[in-house]
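*Asks:* how would this look folded up:
(one chain, ligands or ions: 1)
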Amino acid sequence: MNQPFHCGFVAVVGRPNVGKSTLMNALVGGKVSIVSRKAQTTRHRIHGVYTNDSHQFVFVDTPGFQTRHGGAMNRMMNRVVTQALADVDVVLHVIEAGKWSEADAQLLPLLPKTRPAILVVNKVDMVKDKSSLFAFVEKIMAQHAYAAVVPISAAKGFQLDALRTEIARHLPEGEPMFEEDALTDRPVRFIAAELLREKIFRLVGDELPYACTVVIEQWEETERGVNIAACVLVERDSHKPILLGAGGGHMKRIATEARQDMVKLLDRPVHLDVYVKVRKGWSERESALRELGYD
Ligand SMILES: Nc1nc2c(ncn2[C@@H]2O[C@H](COP(=O)(O)OP(=O)(O)OP(=O)(O)O)[C@@H](O)[C@H]2O)c(=O)[nH]1
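*Replies:* Numbers count the residues shown, from 1 in each chain. Predicted structure coming up:
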């Protein structure tokens, strides 16, 4: 007799920069959520989907939970985290091996009491003395009734099968929700916008990316390929020249690298035009955020 199929939602939470996006991409096996060295590059809930013979895992990536900075943007981000946890089958609480901070502890009260949470200790490749991890993990396990603890390295692909097996134990019986080869339920144009935003994060100085968002203004599929017009919204007039760089050189490099990724994503030639517009105070106005698609 065939085994029943299992399918469920898996939330990935953790303070900024612990490696949530890297982990989700490694588990799903495709580039879905953007990865960057800077904190808080993920503003959206993103579903990544992984399907094998017996299980479908639907991953929910969340923004880094944080309380350090005020503002409408952060209130909204923390609300997204809470919402993401309310309706899932299992939660992965991702932390960094050997590093437990106040920001990690602040997530504990948000972990659902009625749903299993797995403590995922990432970046174990960075720890020389692995035996030191026992005492580290023990202290954290005492603070929440975790269903399991799995040490991993998302970047090196270490112990990912063990983690999948542990997650699978908590997925309920049910038919698959997505096509077998689906990576994400987000439209490709959203991912294309994220690819451009990722390049801004990688190539522009420290503060500016936090004041940027990307809106895809035009998306035209032709026989020759896809024509895309993207607009980068910035907070202040002074941001514009920084983003553009001397003679527009900076933006040219950002657009070139983003276009190369878009070609890979769409598997077709891409023509990309990028504009920069100033829209004052966009990150402070929740209504403006909604308008721009940050629900
Ligand atoms: N050494 C090591 N570095 C890792 C590992 N996993 C992730 N990283 C690095 O940690 C940094 C942050 O990774 P992200 O995946 O962007 O972290 P995140 O938690 O999604 O960050 P936010 O979007 O800010 O919440 C990146 O530079 C990754 O390359 C790992 O297993 N080992």
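
*Asks:* Contacts only, for residue 237.
*Replies:* By C-beta atoms under 8 Å, 6 or more residues apart in numbering, the contact list for residue 237 reads residue 278. No exception for glycine: its C-beta is placed from N, CA and C like everyone else's.

*Asks:* Try it again at 10 Å.
*Replies:* By C-beta atoms under 10 Å, 6 or more residues apart in numbering, the contact set of residue 237 is 278, 280.

*Asks:* Mind pulling up the pLDDT for it?
*Replies:* According to the prediction, residue 237 has pLDDT 87.

*Asks:* does it sit in a helix, a strand or a coil?
*Replies:* coil (DSSP: H, G, I helix; E, B strand; the rest coil).

*Asks:* Number the residues from 56 up from this point.
*Replies:* Fine by me, first position is 56 from now on; the one you just mentioned is residue 292.

*Asks:* if you skip the residues just before and after it, what's nearest to residue 83?
*Replies:* residue 103 (3.8 Å; C-beta to C-beta, 6 or more residues apart in numbering).

*Asks:* which residues in the stretch 106-255 of the chain form strands?
*Replies:* For the stretch 106-255 of the chain, the strands defined by DSSP state E, counting those that start in this stretch cover 110-116, 145-151, 172-177, 203-206.

*Asks:* looking at those strands, which has the lowest confidence?
*Replies:* Mean pLDDT is lowest for strand 110-116 among the strands of the stretch 106-255 of the chain, at a mean of 80.

*Asks:* and stretch 304-316, which residues are buried?
*Replies:* Neighbour-count burial for stretch 304-316, counted by 16 or more other C-beta atoms under 10 Å, picks out 305, 306, 309, 310, 312, 313, 314, 316.

*Asks:* could you list every residue that touches the last one?
*Replies:* Residue 316 makes contacts with 86, 89, 246, 247, 249, 250, 251, 253, 254, 325, as judged by C-beta under 10 Å, 6+ apart.

*Asks:* Among those, which one is most surrounded by other residues?
*Replies:* For the contacts of residue 316, the largest neighbour count, defined by other C-beta atoms under 10 Å, is 26 neighbours, found at residue 251.

*Asks:* so what's that residue up against?
*Replies:* 89, 267, 269, 271, 283, 285-287, 309-310, 312-314, 316-317, 327, 329.

*Asks:* quick one: the helices in the stretch 156-305 of the chain?
*Replies:* 157-160, 187-196, 215-223, 243-258, 294-299, 304-321 (DSSP state H, counting those that start in this stretch).

*Asks:* Distance to residue 81 for these - can I get that in a markdown table?
*Replies:* Listed next are these as a markdown table, based on distance: least, C-beta to C-beta, whole Å:
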| stretch | distance to residue 81 |
| --- | --- |
| helix 157-160 | 21 |
| helix 187-196 | 20 |
| helix 215-223 | 6 |
| helix 243-258 | 17 |
| helix 294-299 | 31 |
| helix 304-321 | 18 |
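
*Asks:* closest one to the ligand among those?
*Replies:* Proximity to the ligand (C-beta to the nearest ligand atom) singles out helix 243-258 among the helices of the stretch 156-305 of the chain, at 9.4 Å.

*Asks:* Pull the closest one out as CSV, backbone CA atoms only.
*Replies:* Taking Å, rounded to 0.1, in the frame of the first residue of the first chain, the C-alpha atoms of helix 243-258 are listed here in CSV:
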residue,chain,number,x,y,z
VAL,A,243,8.8,36.0,-11.2
ARG,A,244,8.6,39.7,-11.4
PHE,A,245,8.7,39.9,-7.7
ILE,A,246,11.8,37.8,-7.7
ALA,A,247,13.3,39.9,-10.4
ALA,A,248,12.7,43.0,-8.3
GLU,A,249,14.4,41.2,-5.4
LEU,A,250,17.4,40.4,-7.6
LEU,A,251,17.9,44.1,-8.3
ARG,A,252,17.5,45.0,-4.6
GLU,A,253,20.1,42.4,-3.8
LYS,A,254,22.6,44.1,-6.0
ILE,A,255,21.9,47.4,-4.4
PHE,A,256,22.6,45.8,-1.1
ARG,A,257,25.8,44.3,-2.3
LEU,A,258,27.2,47.2,-4.2
